[in-house]
Every structure is written in structure tokens, then in C-alpha cells.
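Chemist: the following comprises the amino acid sequence and a computationally predicted model.
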Amino acid sequence: MIISKHIADITSIIENQRNSGRKIGFVPTMGALHEGHISLISKSVQETDFTVSSIFVNPAQFNNKADLDKYPVTTGKDIEMLEAAGCDLLFLPSADEIYPADFQKKQYDVGYLETILEGKYRTGHFQGVCQVVDRLLSIIHCDVLFLGQKDYQQCMVIARMIELTGYPLKLNIVPTVRENSGLAMSSRNMRLSATEKETAAEIYQTLEILKKNLKKGALNELKQKGFDYLTNKGFEVDYVELTDDRLRELNDWDGELNVVALIAASLNNIRLIDNMTIH
Ligand code: AMP
């Protein structure tokens, strides 16, 4: 695996690969890698000819400075995992490389996605996500961008940003990788104690409860049941929501539409999110 911190190296390596007719796959990450990230790398290795990954903890998408300061950094281990998974090129930029002094911030019109769920609880978060992914895609000319379904709303926001900017690439959304307990793998799980990790698996249990109890008609009672279940387990719950597959809130279900259940809840100030398509 080639590793570089510099845009000039990265673009020249990728242009060489493109000129040789190779299909480029790209997996952006914030590091502290786990098997969830690696499943995206493996998918890219399977489906493209040259896999590029990046590790950059993007300050622009953290609305909470303490969360940014506590974000785990495990670069040495990340490099080993990427290498073992068959990643070809790793971009490890500094903040100055991504946001030079003359960097022009854009505003992305992602519509209702910005004011619901994660958008509502993390003001400015998705503008920061669009900004960094746009910047990375302007450097890494890929054919396929791999994203995790774990961040359902983020996938939709990035799809919208790509539509707005016109990058000629395909999005490949990879299913969520879970621990045996059902807990969705996340870099934030590293901050949980062993007991908290056990409790955190209740988020998955709640998704299962929502799935099992989904019935045609009014949904408010079911959402409240999920909310109360997690609160009783010691979570500070931001939302337990049921939506259609475009993330439009569902209060009444016709028994036909696809239904996505989404949860955001904190345990000891560590904020976790998860989702599941339940119909
Ligand atoms: P992050 O490092 O958290 O920015 O995540 C980088 C990419 O990995 C994003 O596309 C995430 O959605 C994806 N990802 C994170 N956790 C998982 C998981 N448990 N399963 C699948 N993909 C994941």
C-alpha cells in the first residue's frame, strides 16, 4: 500500500491508474478503523481495480468540540488493517492540506435532510460532511464511492451532494457490520467500557422490537415504546424514529411502504446511532 499526505502524489498516482484503464474505488474514513470500515475496503477490492482510502478527522463536521477532541486516533493499527484488506493507496492529509488558507466554503442545498434526525441534533454537521467529501472527491477521481448504511442519512446527504456537484461516480452502500451482540461497529464504541458495550447492544434490541411490533396504522405508540425501552436501560435518547426509505417521517403506516427505524441515543455522553430497514 502506498501512503501519502500530499495531494500532488495522490492525484498523480490515481491519474496513472486511470490512464491504464483501471476502475478506482474510494472509501473515505475518519480512522479508528474496525471491521465495518474493512467491509467497505473489501467490497471495493472485489468490485474495482484500485482501492483508495483516506483517514481524516474532519473538524468541520463536529458540532461538539469535546467530541472532536475525544475522537480516537489509531493510525498505526489502521495502516496494518488497510494493508491486510488489500487497500492500494492511503491518503493521510493534514488539516492544512484539506483546508488551505484560500479554501472557499460552499453551501450545499440538501433540503429537508439537513433539518431532520441527525441534522436536527447536530447543527451544521451535514454541511461539514458535504464540504469534506466534496473536497476529497475533487482530489480522488473515483468511479465508485463506498459508504456504510450505518450512516443512512449521511448516505442520502452525500448522494444529494453528488447530484448537485455532478461527480461522475457510482455510490455503493454497504450493509452495517455488527458485533455478535448486534451492536453496530463504530469508532465511538472504543470509548465504551465492557459493561457499557453490553448495554449499547440494547439499541439493536430496540430496532428488533420495532421490527417485531410494526403494524399497519398509527405508529406513535410504537416509537414511544422504543424510546421508553432505551430510557429505562439508562440511555439519554435523542430520537427513536420510523420513516420511509427517503427518511420522511411516518406517523401512519399503510402496510406497504418500506420502513426504516432510526435511533440516536447516548450512554455516558457517548452518542451512538443505528438504523435498520424493518419492512
Ligand atoms: P467514519 O470513519 O465513521 O467516518 O466511517 C467511514 C465509513 O465507514 C462511512 O461510510 C461509514 O458509514 C462506514 N461505517 C462505519 N461503521 C460501519 C459499520 N459498522 N458497518 C458498515 N459501514 C460502516
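Modeler: Nice, thanks for sending it over.

Chemist: and the residue in the stretch 101-250 of the chain positioned nearest to the ligand, bridged to which residues?
Modeler: Nearest residue of the stretch 101-250 of the chain to the ligand (CB to the nearest ligand atom) works out as G148 at 2.3 Å. In this view, the C-beta of every residue, glycine as well, is placed from N, C-alpha and C. Counting by DSSP bridges, G148 forms beta bridges with V174.

Chemist: around it, how many other residues sit close by?
Modeler: Neighbour count for G148, taken as other CB atoms under 10 Å: 22.

Chemist: that one and G25, how far apart?
Modeler: 14 Å (CB to CB, to the nearest Å).

Chemist: same question for K216.
Modeler: For K216, the distance to G25 - CB to CB - is 41 Å.

Chemist: neighbour count: those two, which is higher?
Modeler: G25 (29 against 10).

Chemist: and for the nearest residue to A32 once chain neighbours are set aside, the neighbour number?
Modeler: Once flanking residues are discounted, A32 sits nearest to S187: 3.6 Å by CB to CB, 6 or more residues apart in numbering. S187: 19 surrounding residues under other CB under 10 Å.

Chemist: please save the CA atoms from the least confident helix or strand in the chain by mean pLDDT in CSV.
Modeler: Lowest by mean pLDDT, DSSP states H and E among the helices and strands of the chain is helix 65-69, with a mean of 91. C-alpha atoms of helix 65-69 as CSV (Å, rounded to 0.1, in the frame of the first residue of the first chain):
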residue,chain,number,x,y,z
LYS,A,65,-15.6,20.3,20.2
ALA,A,66,-15.3,17.8,23.1
ASP,A,67,-16.5,15.0,20.8
LEU,A,68,-13.7,16.0,18.2
ASP,A,69,-11.1,16.1,21.0
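
Chemist: what's in contact with that helix?
Modeler: Residues outside helix 65-69 that contact it (CB atoms under 8 Å, 6 or more residues apart in numbering) are V57, P59, F62, R271.

Chemist: what sits against the residue nearest to A32?
Modeler: M30, G31, A32, L33, H34, Y71, P72 are the contacts of S187 under CB under 8 Å, 6+ apart.

Chemist: can you give me the helices in the stretch 101-250 of the chain?
Modeler: Taking DSSP state H, counting those that start in this stretch, the helices of the stretch 101-250 of the chain run over residues 117-121, 125-139, 152-165, 194-200, 202-213, 220-232.

Chemist: just those: most buried one?
Modeler: helix 125-139 (a mean of 21; mean count of other CB atoms under 10 Å).

Chemist: tell me the mean pLDDT for it?
Modeler: In this model, helix 125-139 has an average pLDDT of 98.

Chemist: for the protein, which residues are neighbours of the ligand?
Modeler: Neighbours of the ligand within the chain, by CB under 6 Å from any ligand atom: 29-30, 36-37, 39-40, 147-148, 150-151, 174, 176-177, 184-187.

Chemist: quick revisit: give me the distance from the least confident helix or strand of the chain to the chain's centre.
Modeler: Computed by CA atoms, centre = their mean, to the nearest Å, the chain-centroid distance of helix 65-69 equals 18 Å.

Chemist: among the contacts of S187, which two are most distant?
Modeler: H34 and Y71 (13.8 Å; CB to CB).

Chemist: domain-wise, how is the chain divided?
Modeler: Following automatic domain parsing, the chain resolves into domains at 2-174, 187-274.

Chemist: buried stuff in the least confident helix or strand of the chain?
Modeler: Buried residues in helix 65-69, counted by 16 or more other CB atoms under 10 Å: none are found.

Chemist: now do stretch 7-21
Modeler: Those would be I7, I10, I13, I14, Q17, R18, for stretch 7-21 by 16+ other CB under 10 Å.

Chemist: which residues sit against it?
Modeler: 2, 4, 24, 49-50, 52, 89, 91, 93, 97, 139-142.

Chemist: any of those buried? List them.
Modeler: When the contacts of stretch 7-21 are checked against 16+ other CB under 10 Å, the ones flagged as buried are I24, D49, F50, V52, L89, F91, P93, E97, I139, I140, H141, C142.

Chemist: need the pLDDT of the fourth one.
Modeler: What that stands for is V52. 99.

Chemist: against which helices or strands is the strand or helix carrying it packed?
Modeler: Using DSSP states H and E, V52 falls within strand 50-55. Judged by 3 or more CB pairs under 8 Å, 6 or more residues apart in numbering; DSSP states H and E, the packing partners of strand 50-55 are helix 7-19, strand 24-29, helix 35-47, helix 75-85, strand 89-91.
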